[in-house]
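Participant: Here you go, sequence then predicted model.
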Amino acid sequence: AVLEERGVRTKRLRVSHAFHSPLMDPMLEDFRALAGTLTYDQPRIAIVSTLTGEQATAEQLCSPDYWVDQVRGAVRFADGVRVLHARGVRAYLELGPDGVLTAMAQDTLAADPDQPAEDLLTGSDAVLVPVLRRGRDEEPAIMSALAELHVHGVVVDWPAVIPSGRRVELPTYAFQRQRLWPDGAGSRVGNVVAAGLISAGHPLLGAAVGLAGSDGVLLTGRLSLRSHPWLADYAVMGSVVVPGSAFVELAVRAADQVGFDAVEELTLTAPLVLGEDDAVAVQVWVAAGESGRRAVSIYARPVEAADEETWVEYATGVLVSGGPAVAPFDAAVWPPQGASVIELDGLYERLADGGLSYGPVFQGLRAAWRGADGAVFAEAVLPEEVESSAGSFGMHPALLDAALHAVAFAGLSDSDDLVLPFSWGGVCLHAGSASVLRVRLVRTGDDSVSVSAVDAVGAMVFSARSLVLRRVSADQFAVASGGRGVGRDPLFGVEWTPLAELAAAEVSPVAVLGPDRLGVAAAWEAAGGSAQVHADVASLAETGPVPGAVLAEVVSDPVDGVAESAHELTARVLAVAQEWLADDRFADSRLVVVTRGAVAAGDDEVVTDLAAAAVRGLVRSAQSENPGRFVLVDLDDQESSLQALCGVLGSVLASGEPQVAVRGGEVRVARLARVALAEEAV
């Protein structure tokens, strides 16, 4: 009563006797007589006494008088914790039915003048763990406590804890995995005939179909690093890209499909980036056209793209009938007579430094020479990893690309700029299935070369009147590729949709952290529930068991004519969140942060409380670090929304949704949805 008169908050303890008070005096002599009949042993570990607040001696602990004084004397728990901390103790395990002492020890360390309050939150290695928790199964609680000590560096005798347990190897990092399914050697095509198509008979293309009403043709296929793992060996600026030589191969195959024998021109319009798990649908369109000349376009988009998602054009060109006549160069003497050897040591390292990284499949360049006339000669072979598939291609992209690595010695650039194929002219495949190429490259302009290639016996295999290369910076590549993965991944936005199957729940008791400007407590009581308002987190912790839901309203409405700024409001909520997480007494409760107009949860809505919107961002970060401890609820200014919250909060908490918006009595949740792009933005 005296303390209450002084304004000190008090609470009656739920105990059977008034221990440590004069009311224990009548039983002390009987207790002393009983204690004198016991046998005492010296402790095997050091004990800090809560009677003296210091480390106890063996003489003290073996004396009956010490235990009598324990019944009557003051409990110096805080002093004992400070002594432990001063002696370097950083791990505290509470042996008891709940976490009461853990919370008290946290308060003591935070209040210690030699232990700043923020120390436990910003780098101290102290860990306080209760071995049991009220309302939780014992075995999971004990194992969780030991695991928490273990990850904080405390040595745990696991064989004693789990006698029948065994150690297993775990991944060294979260995303390490091993696929046990066999990798596909190429595109696997099912019965396309049953679908009204014909097989394209090509590793990069699965099917072909003639277009009704015209002589146009469509070829389709699917690319991914699982079906074509060799593509992973070609990377630009750290991203796996489908090489330009693959587009040449697709165009040559399309020409063959319509009976043409050359690609008059082919321009690459954008890099096709492949992510590790991306799968790309490819379409090669051969348009109807005048005799002997057809337009060709190559498109791609993610396999799982929605029907309305735009196909992206990656190459466009013209197919012709009657290719240019190219005389084979004389490869009877190899290497060419009078040519000087070009050292290849360090070539792929220099290319990698410039942004072009080649794996083993694309490192097929074996030798290079410079001719007396300035031409560059080179020999490339298809590595063993893919040599068996050469017969399925007209010209394997890895072989053609490797042969073109000799362009580095053609004098097109005297810098280390990244140079990529941009445009081809007069391309003709004279013979297919080559696994060895002998190539002659002749500079035809400041940024172009002609290409002639024969096989090991000198027979003409491939020729291109012109190959134009373009210098590309890292910024240009990022813009051209969309800075994203395959097919320029669609943009996503947040869409608020009604939460389905949310049944009304009984209005349960809650606590409200004031000031209660929104009238949450009054609404709760009007709905038949109970809601106690507390000034702060500290006063809430002193009232006994904490309800399962504690509501904290966050609005920037003026108080005494002054509104809190976003900085002030977020700072206040940050302090509340830190107190909430630091106190173990709140571990079984959730802090429900209630805002009003802090999020636009409808097409015609705008954010009306910018300061509270900043708080939402803070709490979203806290949610990612502490799952299940916080819930965000945003209300509109309708009274029905606050009333609806009273009836469904229990169901919302049970749903596990981290954030909801209540609009006109309807509960909405945030979901990702594709954003439709305007045509000019694609």
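Facilitator: It's in.

Participant: helix or strand right after the lowest-mean-pLDDT helix or strand in the chain?
Facilitator: When the helices and strands of the chain are scored by mean pLDDT, DSSP states H and E, helix 474-480 comes last with a mean of 70. Next helix or strand after helix 474-480 toward the C-terminus (DSSP states H and E): strand 492-498.

Participant: what are the pairing partners of that following strand, and which direction each?
Facilitator: strand 666-674 (antiparallel) (DSSP bridges).

Participant: CA atoms only for the strand it pairs with - export them in PDB, please.
Facilitator: Output of strand 666-674 as PDB, limited to C-alpha atoms (Å, rounded to 0.1, in the frame of the first residue of the first chain):
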ATOM      1  CA  GLU A 666     -13.300  -6.700 -46.300                       C
ATOM      2  CA  VAL A 667      -9.900  -8.200 -45.500                       C
ATOM      3  CA  ARG A 668      -7.400  -8.000 -48.300                       C
ATOM      4  CA  VAL A 669      -3.900  -9.500 -48.700                       C
ATOM      5  CA  ALA A 670      -0.900  -8.500 -50.900                       C
ATOM      6  CA  ARG A 671      -0.100 -10.800 -53.800                       C
ATOM      7  CA  LEU A 672       2.400 -10.400 -56.700                       C
ATOM      8  CA  ALA A 673       0.800  -9.800 -60.100                       C
ATOM      9  CA  ARG A 674       2.400  -9.200 -63.500                       C
END
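
Participant: which residues are contacting that strand?
Facilitator: 306, 309, 490-499, 502, 601, 644, 648, 652, 657, 659-662 (Cβ atoms under 8 Å, 6 or more residues apart in numbering). (Each C-beta comes from the backbone N, C-alpha and C, glycine too.)

Participant: List the buried residues for that strand?
Facilitator: 666, 667, 668, 669, 670 (16 or more other Cβ atoms under 10 Å).

Participant: quick one: pLDDT of the first one?
Facilitator: Read that as residue 666. pLDDT for residue 666: 87.

Participant: got it, and residue 505?
Facilitator: 63.

Participant: Same check on residue 639?
Facilitator: Here the pLDDT value assigned to residue 639 is 81.

Participant: State the number of residues packed around it.
Facilitator: Residues lying near residue 639 (other Cβ atoms under 10 Å) number 12.

Participant: for it, phi and psi?
Facilitator: phi -60, psi -30 (degrees, to the nearest 10).

Participant: and the gap between it and residue 220?
Facilitator: According to Cβ to Cβ, to the nearest Å, residue 639 stands 58 Å off from residue 220.

Participant: Who are the contact partners of residue 136?
Facilitator: Contacts of residue 136 by Cβ under 8 Å, 6+ apart: none found.

Participant: could you show me where the helices are in the stretch 301-450 of the chain, in order?
Facilitator: For the stretch 301-450 of the chain, helices defined by DSSP state H, counting those that start in this stretch occupy the ranges 347-353, 384-387, 397-403.

Participant: Can you tell me which of the ones you listed is most buried?
Facilitator: helix 397-403 (a mean of 27; mean count of other Cβ atoms under 10 Å).

Participant: Distance from the chain centre to it, please.
Facilitator: 35 Å (Cα atoms, centre = their mean, to the nearest Å).

Participant: who's in contact with it?
Facilitator: 230, 233-234, 243-246, 248-249, 361-365, 378, 380-383, 386, 390, 434-435, 437, 439, 451, 453, 462.

Participant: now the helices: where do they sit in the stretch 551-682 of the chain?
Facilitator: 566-582, 610-625, 639-655.

Participant: For those, could you give me TSV that also reports distance to residue 546?
Facilitator: TSV is the format used below for the helices of the stretch 551-682 of the chain (distance: least, Cβ to Cβ, whole Å):
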stretch	distance to residue 546
helix 566-582	10
helix 610-625	18
helix 639-655	14
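
Participant: out of these, which comes closest to residue 319?
Facilitator: helix 610-625 (53.0 Å; Cβ to Cβ).

Participant: Report the rounded mean pLDDT for the closest one.
Facilitator: 94.

Participant: so where's the stretch 251-400 of the chain shaky on pLDDT?
Facilitator: In the prediction, the stretch 251-400 of the chain carries residues with pLDDT under 70 at positions 323-328.

Participant: change it to 90
Facilitator: 275-278, 288-292, 304-310, 321-338, 354, 372-373, 384-385, 387-389 (pLDDT under 90).

Participant: if we can go back for a sec, put together TSV for the helices of the stretch 301-450 of the chain, with distance to residue 418 on each row.
Facilitator: TSV is the format used below for the helices of the stretch 301-450 of the chain (distance: least, Cβ to Cβ, whole Å):
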stretch	distance to residue 418
helix 347-353	9
helix 384-387	25
helix 397-403	15
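
Participant: what's the closest of the ones you listed to residue 621?
Facilitator: helix 347-353 (37.4 Å).

Participant: Run through who's touching that closest one.
Facilitator: Here helix 347-353 has contacts from 357, 358, 363, 365, 405, 408, 416, using Cβ under 8 Å, 6+ apart.

Participant: Restricting to C-alpha, output it in CSV.
Facilitator: Coordinates of each C-alpha in helix 347-353 appear next as CSV, following Å, rounded to 0.1, in the frame of the first residue of the first chain:
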residue,chain,number,x,y,z
LEU,A,347,43.9,-15.5,-74.9
TYR,A,348,41.0,-16.8,-72.9
GLU,A,349,42.1,-15.1,-69.7
ARG,A,350,42.3,-11.7,-71.6
LEU,A,351,38.9,-12.3,-73.1
ALA,A,352,37.5,-13.1,-69.7
ASP,A,353,39.0,-9.9,-68.3
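
Participant: ok now that helix, how far from the chain's centre?
Facilitator: Worked out by Cα atoms, centre = their mean, helix 347-353 lies 31 Å from the chain centre.

Participant: Same question for stretch 582-596.
Facilitator: 26 Å.

Participant: One more: stretch 535-550?
Facilitator: Distance, centroid of stretch 535-550 to centroid of chain: 35 Å (Cα atoms, centre = their mean).
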